[in-house]
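> Sequence plus predicted model, see below.
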Number of protein chains: 2
Amino acid sequence: MVEIETDILAKNDGFAAANRARLAALRTLALNLVSSPGSGKTTLLCRTVEALSGRMPVAVIEGDQQTSNDAERIRATGAPAIQVNTGKGCHLDAHMVGHALDHLGLQPGGVLFVENVGNLVCPAAFDLGEAAKVAILSVTEGEDKPLKYPDMFAAAKLVILNKVDLAPHCDVDLDLCEANARRVNPGVEVLRLSARTGAGMEAWLAWIAARLEAATAAAAE
Amino acid sequence: MVEIETDILAKNDGFAAANRARLAALRTLALNLVSSPGSGKTTLLCRTVEALSGRMPVAVIEGDQQTSNDAERIRATGAPAIQVNTGKGCHLDAHMVGHALDHLGLQPGGVLFVENVGNLVCPAAFDLGEAAKVAILSVTEGEDKPLKYPDMFAAAKLVILNKVDLAPHCDVDLDLCEANARRVNPGVEVLRLSARTGAGMEAWLAWIAARLEAATAAAAE
């Protein structure tokens, strides 16, 4: 099994490198949003796309086992979106993302969001060619999740604690949650946010803008 | 890939059949609890074990990528618990459960709860030898999850909508959530519950008692 897994990941890494080159040529910042089901990724993404629209090109690749609900929610914001249904599959891989890029018609100098299948385990192992994985954790999930699913939190450059408006109604310790994320990934950045109320959105938009500037500067060198 | 997957599942089914025979000989009802991370499985399980203790033998197998936090929480209730760490793995398989059974010292005529790795995708495909899969969905995850992760909700005999105390604070339609579960699995039973407040616990305990009675009657035939 280990050999098979290594072989699958090696093939995936080849496709991921091709995606990364393609995205660099388009000066596009690609962010891979990963989380449990129901962390609020799509709502966050809709709010984010609305905030960025008009300021830069934005596009979305949506991954789900079934339905095109999420792509439809994104398209309602005006941004192009492609839905990838993984069927029995538990994660997006770089090959699927490459195909989606073929059809997305990316405009240069913007942001591509990839919303992965809701799964805190399997997507951690698959590089899609993104600049960063962003792990989104609903505060309703409890503060122990970074310790129980360490691969994902170790792979993330940013952790967003979402639905902070629900924190007063849950038995959750946000400081401990943040400390647990840093136990598995000492350098990780953490933002607290509520996509529903808008709290924390400005810091998230500033994080994206800084990353895009860095990506564009790197491409110009 | 399809052949490899078939081979893995065939091997798993062999181990699952052995577990099922072993559990039948012990007149033990085995329930496989499956959900996203953070749905409240462990809190529900602690409350359930406390309620059943003294009335029947209860034991627990806990699955997580890392940590033995959950087994410790269960042991604090007085029930025997074995923690299985899956490492990179995204689900428990029947072979792991068989090993855990070797060490658990099950008493006959009771209930074995298997708390799977928090993952709405992969555990759906793996029979562990259980009598039923119970899918737990936190109401904070939104009402669309049965449609987006249909394999799991199709595999479940019971769906528990947990954390209903948070429903008034979320934009969630519980009737629609229930209807979505029945769209992918017309015969599925659904219970609404809050492990935190105790609302709905009696119906869940009655469901377990009825299942245990049916399992014991079947074993006596």
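Noted; the coordinates are in hand.
> interface residues of chain A facing chain B?
Residues of chain A found near chain B (C-beta under 8 Å from any C-beta of the partner chain) are A:4, A:36-38, A:64-67, A:69, A:88-90, A:117-122, A:125, A:137-138, A:140-142, A:144-145, A:147-151, A:163, A:165-166, A:169-171, A:196. Using the backbone N, CA and C atoms, a C-beta is placed for each residue, glycine as well.
> Can you pull the phi/psi pair for the spatially most central residue of chain A?
By C-alpha atoms, centre = their mean, chain A has its centre lying nearest to residue A:33, at 1.2 Å. Main-chain torsions, residue A:33, degrees, to the nearest 10: phi -90, psi 120.
> same question, the one 4 residues further on
Reported as degrees, to the nearest 10, the phi and psi values for residue A:37 are phi -60, psi 140.
> residues contacting the closest residue to it other than its chain neighbours?
Counting by C-beta to C-beta, 6 or more residues apart in numbering or on different chains, residue A:37 lies nearest to residue A:118, which is 3.2 Å off, once chain neighbours are set aside. Neighbour list for residue A:118: A:35-39, A:41, A:64, B:36, B:120, B:148-149 [criterion: C-beta atoms under 8 Å, 6 or more residues apart in numbering or on different chains].
> and of those residues, the nearest to residue A:12?
Among the contacts of residue A:118, residue A:64 lies closest to residue A:12 (C-beta to C-beta), at 19.3 Å.
> Find the nearest non-adjacent residue to that closest one, please.
Distances taken as C-beta to C-beta, 6+ apart place residue B:148 nearest to residue A:64, at 4.9 Å, with adjacent residues excluded.
> From the structure, what's the count of residues near that neighbour?
Residue B:148 has 25 neighbours, counted by other C-beta atoms under 10 Å in any protein chain shown.
> Sketch out the helices for chain A, chain order is fine.
Secondary structure of chain A (DSSP state H): helices located at A:2-25, A:41-52, A:69-75, A:94-104, A:145-148, A:150-155, A:174-184, A:201-220.
> Could you check the angle the helix or strand of chain A with the lowest mean pLDDT makes with helix B:2-25?
Lowest by mean pLDDT, DSSP states H and E among the helices and strands of chain A is helix A:2-25, with a mean of 88. When axes from the mean of the first three to the mean of the last three C-alpha atoms, to 10 degrees is applied, the directions of helix A:2-25 and helix B:2-25 differ by 130 degrees.
> Look up how far residue A:210 lies from residue A:124.
The gap separating residue A:124 from residue A:210 is 24 Å, by C-beta to C-beta, to the nearest Å.
> More neighbours: which of the two?
The neighbour count for residue A:124 versus residue A:210, taken as other C-beta under 10 Å, is higher for residue A:124 (23 against 10).
> quick one: contacts for the more buried one?
A:34, A:133, A:149, A:151-152, A:154-155.
> mind redoing it with 7 Å?
For residue A:124, the contact set (C-beta atoms under 7 Å, 6 or more residues apart in numbering or on different chains) comprises A:151-152, A:155.
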